[in-house]
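J.: What shape does this take:
(4 chains)
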2 protein chains.
Amino acid sequence: MAKRTTITAHTKQNLIDAFWVLYCQKPLAQITVKEIVTRAGYNRSTFYEYFPDVAAVLSAIEDALIPTIDTLPPFVGESYSIGMPIAQFLQLYQQNAKFYLVLLGENGDPAFVTKLKNSIKPTVLHFYHEHATYDAVQREVVVEFILSALIGVMSYWFRQQQPLPQEQLLALMHQLMTKGVMPAIDGSNTTV
Amino acid sequence: MAKRTTITAHTKQNLIDAFWVLYCQKPLAQITVKEIVTRAGYNRSTFYEYFPDVAAVLSAIEDALIPTIDTLPPFVGESYSIGMPIAQFLQLYQQNAKFYLVLLGENGDPAFVTKLKNSIKPTVLHFYHEHATYDAVQREVVVEFILSALIGVMSYWFRQQQPLPQEQLLALMHQLMTKGVMPAIDGSNTTV
DNA sequence: CGAAATCCAACACCGTGTCGTATGTTTTCA
DNA sequence: TGAAAACATACGACACGGTGTTGGATTTCG
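T.: Numbering: from 1, shown residues only, chains lettered A, B, ... in the order given. A predicted model of the protein is given here:
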């Protein structure tokens, strides 16, 4: 008999949804299978038909979130680029803000940051490879610098509920990336 | 009666040490009290005399690691500064590399990153407050940018077992901070 | 109908957190 | 000074709750 894929997928999604509600509230270590199934309305055993343990649910969510970088819709509008378009990343972030905010937050998963960085890294790395300014080792550092700053600022921006208009954030970010973090003395940057 | 502080402190430290060995190997959720006390050579109940739960041990380690920023020995030598001396932070990081590497790594604690940022933030924020270039909201973003990049690069550098001489890392970092991440076209930065 | 997919009840095991107790050390005062 | 009270420290045992598995009940679809 063919798998009843609809039902299966539905059940799995119910479990994932229930897990997510809990994960938004407390760290992984405090989430039990029982809580998940109670909330989703299943028997505890059913959980094990779909996931080996609680951590696997998180992993599944993360994996579904990572490949999105490939399937990004082309960004339209002013495009600030520093190897990887900042605006494009912001858009990616915005689409999944609900998840990114938690996964990159206080009770989040450090491993997800790594996964995220690794998925973007090749694009940025390739850009710098074409410029002979940095050697291979330095390039890696530069890329780590960019990605850390990018993800850090994005997370902060969302955490603070977007205290700056998106356009201003993009402009500021672009300036920090291309001109550095020292405030310009000549005043040419005060219009950001 | 006076506490037998020597014995107490010793036992507590034994428990912390045992915990740390385990935490270097696996995530918090997989560490049990039993494992800790077995390794440290105590009864399981003894653990609860010192900590309410496993997470508290991690918390204790983190707290002991944070204030170090205040008690930093004055840095001697070339001092790159971008509000907060980069070299000084590198030194702090280097002193506790063993811990930072794990806490900021794959199985690390996202909350620690926040704690760390918050402890350094005032210093950097104060620096930018004196320059009128950015308004209050922008300043926060700039500081988040700096701290994220700083911590990200440091972690990467240690994780890769310091692939670049310290002096070169400092110079590169300083350049990225002050001049941006775009490789200079005029070639003046190729000597980093 | 019957086979396979889906879901569930029950079981044995393990970890948790607590309480009462044994042991040994420090302090007190006769 | 030295015995005993007072207390810090460590432990054994208990009740509870979560885990992961096994075998079976129920449902669905060819």
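J.: What is the neighbour count of A:His174?
T.: Using other Cβ atoms under 10 Å in any protein chain shown, A:His174 has 19 neighbouring residues. To be clear about C-beta, it is placed using only N, CA and C from the backbone, and glycine gets the same treatment.
J.: same check, this time on A:Ser81
T.: A:Ser81 has 14 neighbours, counted by other Cβ under 10 Å.
J.: And for the one 4 residues further on?
T.: Around A:Pro85 there are 17 other residues, counting by other Cβ under 10 Å.
J.: So what pairs up with it in the strands?
T.: A:Pro85 forms beta bridges with A:Ser81, as assigned by DSSP bridges.
J.: And the pLDDT for it?
T.: For A:Pro85, the pLDDT comes out at 77.
J.: ok, now A:Trp20?
T.: Reported pLDDT at A:Trp20 in the predicted model: 96.
J.: who's in contact with it?
T.: A:Ile61 (Cβ atoms under 8 Å, 6 or more residues apart in numbering or on different chains).
J.: cool, the one 4 residues further on as well?
T.: Taking Cβ under 8 Å, 6+ apart as the criterion, A:Cys24 is in contact with A:Val102.
J.: okay but A:Ser155 is in contact with A:Leu101, surely?
T.: Yes: using Cβ atoms under 8 Å, A:Ser155 is in contact with A:Leu101, at 7.4 Å.
J.: Quick check: A:Leu90 touching A:Met154?
T.: Yes: using Cβ under 8 Å, A:Leu90 is in contact with A:Met154, at 6.5 Å.
J.: Can you pull the poorly scored residue ranges out of chain A?
T.: Within chain A, the set of residues satisfying pLDDT under 70 comprises A:1-7, A:67-79, A:183-192.
J.: and with 50 instead?
T.: Counting by pLDDT under 50, chain A contains low-confidence ranges at A:1-2, A:184-192.
J.: domain parsing for it?
T.: Domains of chain A are assigned by automatic domain parsing as A:5-60, A:67-179.
J.: Would you mind finding the most buried of those?
T.: Most buried of these, by mean neighbour count (mean count of other Cβ atoms under 10 Å in any protein chain shown): domain A:67-179, with a mean of 17.
J.: Please tell me how far A:Val33 sits from A:Val21.
T.: To A:Val21, A:Val33 is 15 Å away according to Cβ to Cβ, to the nearest Å.
J.: my bad, A:Leu101
T.: 14 Å.
J.: Just give me the longest helix of chain A.
T.: Longest helix in chain A, counting residues (DSSP state H): helix A:136-159.
J.: mind checking how far it is from the chain centre?
T.: How far helix A:136-159 lies from its chain's middle: 12 Å, per Cα atoms, centre = their mean, to the nearest Å.
J.: Can I get the next helix or strand after it as CSV, trimmed to CA atoms?
T.: Per DSSP states H and E, the first helix or strand lying C-terminal to helix A:136-159 is helix A:166-179. The C-alpha trace of helix A:166-179 is given here as CSV (Å, rounded to 0.1, in the frame of the first residue of the first chain):
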residue,chain,number,x,y,z
GLN,A,166,14.8,49.0,6.6
GLU,A,167,16.3,51.4,4.1
GLN,A,168,18.3,53.1,6.8
LEU,A,169,19.5,49.9,8.2
LEU,A,170,20.7,48.8,4.8
ALA,A,171,22.5,52.1,4.2
LEU,A,172,24.1,52.0,7.6
MET,A,173,25.2,48.4,7.2
HIS,A,174,26.6,49.1,3.8
GLN,A,175,28.5,52.0,5.1
LEU,A,176,29.9,50.0,8.0
MET,A,177,31.0,47.3,5.6
THR,A,178,32.6,49.5,3.0
LYS,A,179,33.9,52.4,5.0
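J.: tell me what helix A:166-179 is packed against?
T.: If you count contacts as 3 or more Cβ pairs under 8 Å, 6 or more residues apart in numbering or on different chains; DSSP states H and E, helix A:166-179 packs onto helix A:86-95, helix A:136-159, helix B:136-159.
J.: please redo it, this time with the cut-off set to 10 Å
T.: helix A:86-95, helix A:136-159, helix B:136-159, helix B:166-179 (3 or more Cβ pairs under 10 Å, 6 or more residues apart in numbering or on different chains; DSSP states H and E).
J.: okay, the angle between that helix and helix A:86-95?
T.: Angle between the axes of helix A:166-179 and helix A:86-95 is 140 degrees (criterion: axes from the mean of the first three to the mean of the last three Cα atoms, to 10 degrees).
J.: can you give me the offset of helix A:166-179 from its chain's centre?
T.: 19 Å.
J.: Repeat that for stretch A:121-138.
T.: From the chain centre to the centre of stretch A:121-138 is a distance of 22 Å (Cα atoms, centre = their mean).
J.: Quick one: end-to-end length of that stretch, please.
T.: Using Cα to Cα, to the nearest Å, the end-to-end distance of stretch A:121-138 comes to 14 Å.
J.: Say whether DNA strand D is contacted by stretch A:51-60.
T.: Yes: for stretch A:51-60 and DNA strand D, the contact criterion (Cβ under 7 Å from any atom of the strand) is met by A:53-54.
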